[in-house]
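J.: the sequence isn't on hand, but the structure is:
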């Protein structure tokens, strides 16, 4: 290969949103790209932002060129603005890490797409009709036409093969998520107490962190919690739900409202407060039906919080042997797991230690290395 310099564009127009899931993944690996040690190739990065450079990237502004998109409308930016602006920028690789690339063929030799999960196929009714058609169409097109596809777990890769065809598997790499080191730094008792006061948190509580939408399976968790509350009475800790309101959440919120004496909904909180909440929780329950990765599991483990999650999709892969795994639709099994962690201090400590070990298998630095290797592969294929 004769190339020495690789000019890479990365679409960061989505990260103005709350930093959850794919947006967290996108922001974290992109920052780490700028911090990687030099390699045999010189990388020049162009980062595309909506309206302004994102505050998290201001300290790194000397390490990349910024291009500002004038709209935050996903349809307009992807299908019209990117096809208009990219011919004016001479890139070797263009990467779309959050949402799929434009349908229009772009004047860039190599396009990379991150395909986070096959939810539009596996759980089609967990999206609006518009969202389902949009993502099925563009993800299918991207899988066919992109030089490389990246996904976040072995399970997600197998799902792409299942729904779109195993012939695409050779072009798919895996770049998992990770917990940031800050989640593992011990929060002081004074700071924890301030967070407890600010958010009116009880002395002890179970915790879940999830967007309020059908795929996250919160009604099963509420039913399991109700069973446990009936059994333990006042000895049962409260349940704290942290997460934004998502699609089709009205019935879930109404259900939550019937439990308002014992279930506290915090909506979105800052990362600094979230770290403290993870570290204060008795245990973390992630009852999701389907995830490409399941980032909150790794965040909780990094923070030293015991984890209960489900046997569904990628979650056993991410949790390893460090979590209690339950049937996502078995309320009794979920309630029993919560009771075990609550009442067994030895089990709690074992899960905390195993969780930290499991979380250490993932790092944003390694994820960024995987992406950078993909860029090299794509650039080389177009510059033999």
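T.: Good, I have the coordinates. Predicted, not measured: the structure shown is a model, and the values here were computed from it.

J.: give me phi/psi at residue 263?
T.: Main-chain torsions, residue 263, degrees, to the nearest 10: phi -120, psi 120.

J.: now the one 3 residues further on
T.: Note on residue 266: its backbone torsions stand at phi -100, psi 0 [degrees, to the nearest 10].

J.: tell me how far the residue lying closest to it once chain neighbours are set aside lies from residue 269.
T.: Leaving aside its chain neighbours, residue 266 sits nearest to residue 242 (4.8 Å; criterion: Cβ to Cβ, 6 or more residues apart in numbering). Where you see a C-beta, it was placed from the backbone N, CA and C, and this is true even at glycine. Distance of residue 242 to residue 269, computed by Cβ to Cβ, to the nearest Å: 6 Å.

J.: of those two, who's got more company?
T.: Ranked by neighbour count (other Cβ atoms under 10 Å), residue 242 and residue 269 place residue 242 first, with 22 against 17.

J.: dump the residue contacts of that one.
T.: Residues near residue 242 by Cβ atoms under 8 Å, 6 or more residues apart in numbering: 207-210, 266-269, 274, 277.

J.: okay, these in CSV with distance to residue 132 next?
T.: As requested, the contacts of residue 242 are exported to CSV (distance: Cβ to Cβ, whole Å):
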residue, distance to residue 132
207, 31
208, 25
209, 25
210, 20
266, 29
267, 26
268, 25
269, 30
274, 30
277, 33
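
J.: low-confidence ranges, the stretch 51-200 of the chain, go.
T.: 106-107 (pLDDT under 70).

J.: the same query, at a cut-off of 50, please.
T.: Across the stretch 51-200 of the chain, nothing is flagged by pLDDT under 50.

J.: how far away from the center of its chain is the helix ranked longest in the chain?
T.: Taking DSSP state H as the criterion, the chain has its longest helix at helix 364-382. Averaging C-alpha positions (Cα atoms, centre = their mean, to the nearest Å) puts helix 364-382 20 Å from its chain's average.

J.: what does that helix contact?
T.: Counting by Cβ under 8 Å, 6+ apart, residues outside helix 364-382 touching it are 1, 3, 6, 8, 28-33, 35-36, 39, 41, 43, 92-93, 95, 97, 109-110, 112, 147-148, 150, 173-178, 180.

J.: buried ones from those residues, can you make that a PyMOL selection?
T.: Per 16 or more other Cβ atoms under 10 Å, the buried members of those correspond to this PyMOL selection:
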select buried, resi 6+8+28+29+30+31+32+33+41+43+92+93+95+97+109+110+112+147+148+150+173+175+176+177+178+180
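
J.: just the contacts of helix 364-382: which are in strands?
T.: Residues of the contacts of helix 364-382 located in strands (DSSP state E): 6, 8, 43, 93, 95, 110, 112, 148, 150, 173-174.

J.: for the helix or strand where residue 23 lies, name the packing helices and strands.
T.: Remark: residue 23 resides in helix 21-35, with elements defined by DSSP states H and E. Counting contacts by 3 or more Cβ pairs under 8 Å, 6 or more residues apart in numbering; DSSP states H and E, helix 21-35 packs against strand 42-50, strand 110-114, helix 295-302, helix 364-382.

J.: how about the last one: buried residues?
T.: Residues 364, 367-369, 371-372, 374-380 are the ones in helix 364-382 that count as buried (16+ other Cβ under 10 Å).

J.: and the angle from it to helix 21-35?
T.: 80 degrees (axes from the mean of the first three to the mean of the last three Cα atoms, to 10 degrees).

J.: and the pLDDT at residue 3?
T.: For residue 3, the pLDDT comes out at 64.

J.: gap between residue 17 and residue 137?
T.: The value you get for residue 17 to residue 137, if Cβ to Cβ is used, is 22 Å.

J.: residues contacting residue 304?
T.: 184, 278-279, 352, 355-356.

J.: which one of these has the most neighbours?
T.: For the contacts of residue 304, neighbours tallied by other Cβ under 10 Å; top is residue 355, 26 neighbours.

J.: where's that residue, which helix or strand?
T.: Going by DSSP H and E, residue 355 is part of helix 345-359.

J.: what's the residue nearest to residue 266 sitting at in phi/psi?
T.: phi -110, psi 120.

J.: for it, name its beta-bridge partners.
T.: residue 209, residue 267 (DSSP bridges).

J.: where's it relative to residue 120, distance?
T.: 26 Å.

J.: got the domain ranges for the chain?
T.: Per automatic domain parsing, the domain ranges recorded for the chain read 5-178+363-382, 181-359.

J.: need the strands for the stretch 201-350 of the chain, in chain order.
T.: 205-209, 238-242, 263-267, 283-286, 307-310, 324-326 (DSSP state E, counting those that start in this stretch).

J.: right, and these - which one's nearest residue 166?
T.: Across the strands of the stretch 201-350 of the chain, residue 166 has its closest neighbour in strand 307-310 (26.1 Å, Cβ to Cβ).

J.: picking up where we left off before, between residue 17 and residue 137, which has more neighbouring residues?
T.: Neighbour tally, residue 17 and residue 137, criterion other Cβ under 10 Å: the higher count belongs to residue 17, 16 against 13.

J.: ok, that one touching residue 23?
T.: Yes - contact criterion Cβ atoms under 8 Å: residue 17 and residue 23 qualify, at 5.1 Å.

J.: re the thing from before, gap between the helix holding residue 23 and the chain center?
T.: 11 Å.
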